[in-house]
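S.K.: Generate a structure from the sequence data that follows.
(one chain, ligands or ions: 1)
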Amino acid sequence: MSDVLHAIARELVAPSKGILAADESTGTIEKRFRTIGLESTEENRRRYREVLFTTPGFGEHLSGVILFDETIRQATSDGVPFVKVIESAGAIPGIKVDKGAKPLAGFPGETVTEGLDGLRERFAEYAGLGARFSKWRAPMAVGDGLPTDFAILANAHALARFAALSQEAEIVPIVEPETLMDGDHDLAACEDATGRMLGALYEQLRAHRVDLAGTLLKVNMVVPGKGSANQADDRTIAEATIRCLEAHVPAEVPGIVFLSGGMGDVEATSRLHEMNRIGAERGGLPWQLSFSYGRALQAPALAAWAGDDANAALAQRALAHRARMNGLARDGRWDPALEHDAA
Ligand code: 13P
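M.R.: Sure, this is the predicted structure:
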């Protein structure tokens with residue numbers, strides 16, 4: 001299929017780089033701003049994203065940025081479109097296109113992600129605005145018989161329809177099934193749910209004739225639920241995650257980028273590093289293993305900014321530091337001692 005798609009997918013998972021997820025929906029960013037006591041107005045959201053995207057050395061360890069519909073249309077206070085700011089830094093602009101997870105009728109406690117209606121036309125507009133990759137997230141809860149096979153199928157089908165439409169528009173789709181960390185389930189339950197979802201997802205992607213070499217997978221690491229009495233160390237998590245991926249993700253997929261999903265920022269770095277260490281010990285894995293973190297990249301920067309542009313440089317140093325730490329982890333070259341160099 002398209003060489004353009006293959007090249008963009010590979011560029012997004014280039015050595016020492018990963019993706020910044022800055023595509024919080026209006027509801028999610030409101031939650032994040034509440035932690036710093038800031039009202040979520042359009043101008044405050046724009047100011048915050050300007051601080052992030054104008055970080056000096058932004059493109060050194062960030063290959064791409066996932067934007068929200070509002071953000072891809074915004075510009076700096078000097079009027080430079082964010083898309084241009086990101087491109088000038090050497091990173092690739094991307095867009096979240098799903099419209100969120102909605103209750104799945106007949107399946108209490110489960111959701112299906114919506115947003116397929118009119119998506120072909122929206123992709124045409126986003127391509128014009130400069131998006132070269134896209135993302136669709138399908139979260140799934142674990143516990144008490146969940147996720148059901150049907151909810152998995154419904155979400156896998158929607159993810160595959162999204163991916164096919166994205167490729168038609170010459171935009172690289174990032175398919176994101178997320179097994180949620182909420183609950184007291186153990187690591188085995190997360191591995192089972194994640195594995196079942198990935199199995200269904202790749203069956204649907206093939207059935208929809210999606211070119212896997214022009215896609216990326218964004219997924220959770222295999223971890224115990226936040227409330228589980230049996231927490232696991234980073235090595236165990238790294239091994240379980242690689243085992244699950246090897247069982248279900250075809251080798252044509254160029255890269256897998258992890259979400260942080262509520263893990264601590266250093267935890268997210270350390271676990272990514274462990275996986276890449278295991279990869280190196282084994283002489284390589286079929287795909288690149290990198291990051292597409294939201295909270296684990298942004299949390300220290302958001303706290304440092306605290307809504308006041310007088311703190312912009314501090315916030316930017318915090319973001320640059322986490323990007324550099326994850327850039328090292330992505331190559332299996334991180335060292336916890338480097339964390340002390342923090343801004
Ligand atoms: P987190 O890393 O905060 O989970 O966000 C990543 C993301 O894009 C979820 O869709």
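
S.K.: Surely Asn230 touches Ile237?
M.R.: No. Asn230 is beyond contact range of Ile237, at 12.0 Å (criterion: C-beta atoms under 8 Å). Backbone N, C-alpha and C define where each C-beta goes, glycine included.

S.K.: got any residues that touch both of these two?
M.R.: Residues touching both Asn230 and Ile237 (C-beta atoms under 8 Å, 6 or more residues apart in numbering) are Leu187.

S.K.: out of the two, which sits in the busier spot?
M.R.: Neighbour count, other C-beta atoms under 10 Å: between Asn230 and Ile237, Ile237 has more, with 23 against 11.

S.K.: Who are the contact partners of that one?
M.R.: Neighbour list for Ile237: Leu187, Met221, Val222, Val223, Arg271, Glu274 [criterion: C-beta under 8 Å, 6+ apart].

S.K.: List the residues that contact the first one.
M.R.: Taking C-beta under 8 Å, 6+ apart as the contact definition, Leu187 lies against Val222, Val223, Pro224, Ser228, Asn230, Ala232, Thr236, Ile237, Ala240.

S.K.: quick one: which of those residues is nearest Val266?
M.R.: Comparing the contacts of Leu187 against Val266 with C-beta to C-beta picks out Ile237 as the nearest, at 13.8 Å.

S.K.: Where does the prediction get shaky in the stretch 101-250 of the chain?
M.R.: Within the stretch 101-250 of the chain, no stretch falls below the threshold (pLDDT under 70).

S.K.: what's the pLDDT at His340?
M.R.: Note on His340: pLDDT of 84.

S.K.: which helices and strands does the host helix or strand of Leu20 pack with?
M.R.: Per DSSP states H and E, Leu20 falls inside strand 18-21. Applying 3 or more C-beta pairs under 8 Å, 6 or more residues apart in numbering; DSSP states H and E, we find strand 18-21 packed against strand 62-67, strand 288-293, helix 295-305, helix 312-329.

S.K.: Make CSV from these and add mean pLDDT and distance to the ligand to it.
M.R.: CSV is the format used below for the helices and strands packed on strand 18-21 (pLDDT from 0 to 100; distance: least, C-beta to the nearest ligand atom, whole Å):
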stretch, mean pLDDT, distance to the ligand
strand 62-67, 99, 6
strand 288-293, 98, 4
helix 295-305, 98, 3
helix 312-329, 98, 11
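
S.K.: Just send those back as JSON lines, with mean neighbour count too.
M.R.: JSON lines is the format used below for the helices and strands packed on strand 18-21 (neighbours: other C-beta atoms under 10 Å):
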{"stretch": "strand 62-67", "mean neighbour count": "28"}
{"stretch": "strand 288-293", "mean neighbour count": "28"}
{"stretch": "helix 295-305", "mean neighbour count": "22"}
{"stretch": "helix 312-329", "mean neighbour count": "22"}
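
S.K.: For those, give me TSV that also has distance to Gly261.
M.R.: Converted to TSV, those look like this (distance: least, C-beta to C-beta, whole Å):
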stretch	distance to Gly261
strand 62-67	15
strand 288-293	9
helix 295-305	8
helix 312-329	15
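
S.K.: Quickly note the distance from Val249 to Arg49.
M.R.: Per C-beta to C-beta, to the nearest Å, Val249 is found 32 Å from Arg49.

S.K.: and the closest residue to the ligand within the chain, what is it in contact with?
M.R.: Ranked by C-beta to the nearest ligand atom, the top residue of the chain for proximity to the ligand is Gly294, at 2.7 Å. Contact partners of Gly294, counting by C-beta under 8 Å, 6+ apart, are Leu20, Ala21, Ala22, Asp23, Glu24, Leu259, Ser260.

S.K.: nearest to Ala14, of these?
M.R.: Of all the contacts of Gly294, Leu20 has the smallest distance to Ala14: 14.2 Å, by C-beta to C-beta.

S.K.: partner residues bridging the closest one?
M.R.: When assigned by DSSP bridges, Leu20 has beta-bridge partners Val65, Tyr293.
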